[in-house]
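> Kindly generate the corresponding structure for this input.
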Amino acid sequence: MSNFMDRFGEIFAMLMSPLWNYPERMQKLSRFLMQCFAVMLVLGLLVWLGQRPVFTLKQIQIEPVVGQSLKHINKSMVKRQIAETVQGNFFSVRLEDVKRGFESMPWVRHANVRRVWPNGLIVSIEEQQAFGTWDGVDSNTLINKYGELFAGRVSEVPDGAKLIDFHGPEDAGREVTSLYERANNWFKPWGAEVVSLALTERYAWHIKLSNGMKVEFGRDEESSDKNLTEERVSRLLKYWPQVQERWANRVDVVDLRYANGFAVHLASASLKKSDLDGKKSELDRKS
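Residues are numbered from 1 along each chain as shown. Got it, this is the predicted structure:
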């Protein structure tokens, strides 16, 4: 055993002898080791402090974003749910996980989470604001003004809120809200508003106005088609006084799918089909 130790000492002395012969290298090595020790000491102290009970999350404050009030969020219930799922303390909690947890709840559109010293979180919630129903009042799906679909029931919407009736493919939320804005502006001269809008898989669409009239637009997929649709609406508004003069308040459907005119359907059942065909052809010629 003594021979082994003697041999080990010789090898160690041979490896270290260059450092012993250079005091500057020894000083640099000493400083490096002291720095490593200081860093490890600080890290250990921080880990120890981070595990103290004072930093255990105890307060979760929920507040609305500026300009909103929380109408669909039960604060006490939400606090309990989040407190049961949040992992970590003030230092180790993952804010992104907390954010996702809140945003997975019904009626929460966005959540912003920040720490509050020494053991709290503040969560700012942007609540969903229902703009319309999606595929009927019984579908339990609503749409906001940004064209985003979310889970919600009409019964949860405050009384007196006006909801637009939207129909369309699941990925067409932004498209239908854009069409709604355009159509609503087009018919302002009539003092009418869009109350429902439906878009098919082939991008044919139609609306219903607050005056009870339905307007068919057909396809509206490319930019050229959109310009063409606006031209057809302008033609309708131009000749609408003549339509009203002939059939005042009797038109329930306007069909704008014609290239050089438009067709109207009269609500009166007493008109003969031949009379309607003649009036439709006359409108087409004038347009």
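
> Quick check: which ranges of the stretch 151-287 of the chain have low pLDDT?
For the stretch 151-287 of the chain, the stretches flagged by pLDDT under 70 are 220-226, 268-287.

> Apply 50 and report the result again.
223, 269-276, 278-279, 281-282, 285-287 (pLDDT under 50).

> Can you list the residue ranges for helices in it?
173-186, 223-247, 273-286 (DSSP state H, counting those that start in this stretch).

> If you count contacts, what does the first one end up packed against?
Applying 3 or more Cβ pairs under 8 Å, 6 or more residues apart in numbering; DSSP states H and E, we find helix 173-186 packed against strand 141-144, strand 164-167, strand 194-199, strand 204-209, helix 223-247. C-beta coordinates here come from the backbone N, C-alpha and C atoms, glycine included.

> Mind exporting the C-alpha coordinates of the first one to CSV?
Just to be clear, that refers to strand 141-144. Extracted in CSV, the C-alpha atoms of strand 141-144 (Å, rounded to 0.1, in the frame of the first residue of the first chain):
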residue,chain,number,x,y,z
THR,A,141,-70.8,27.6,-30.4
LEU,A,142,-70.5,31.4,-30.5
ILE,A,143,-68.3,33.8,-32.5
ASN,A,144,-66.6,37.0,-31.4
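
> Could you check how far it is from the centre of its chain?
From the chain centre to the centre of strand 141-144 is a distance of 10 Å (Cα atoms, centre = their mean, to the nearest Å).

> The longest one now?
Between the mean C-alpha location of helix 223-247 and the chain-wide mean there is a distance of 34 Å, by Cα atoms, centre = their mean.

> what angle do it and helix 173-186 make?
If you take axes from the mean of the first three to the mean of the last three Cα atoms, to 10 degrees, helix 223-247 sits at 40 degrees to helix 173-186.

> now the third one
Computed with the same axes, to 10 degrees, the direction of strand 194-199 lies at 140 degrees from that of helix 173-186.

> hey, where'd the helices end up in the stretch 1-150 of the chain?
2-20, 23-50, 75-85, 95-103.

> by contact count, what packs against the last one?
Contact here means 3+ Cβ pairs under 8 Å, 6+ apart; on that basis helix 95-103 packs against helix 75-85, strand 108-116, strand 120-127.

> Tell me which residues touch K99, please.
A111, N112, V113 (Cβ atoms under 8 Å, 6 or more residues apart in numbering).

> doesn't F102 make contact with the last one?
This points to V113. Yes - in this structure, V113 is within contact of F102 by Cβ atoms under 8 Å, at 7.4 Å.

> Residues that sit against both of these two, list them.
With Cβ under 8 Å, 6+ apart as the test, V113 and F102 both reach V123.

> How many residues are close by P241?
9 (other Cβ atoms under 10 Å).

> Please tell me I have it right and V194 contacts L209.
Yes - using Cβ under 8 Å, V194 makes contact with L209 at a distance of 6.3 Å.

> okay, and the common contacts of the two?
F187.
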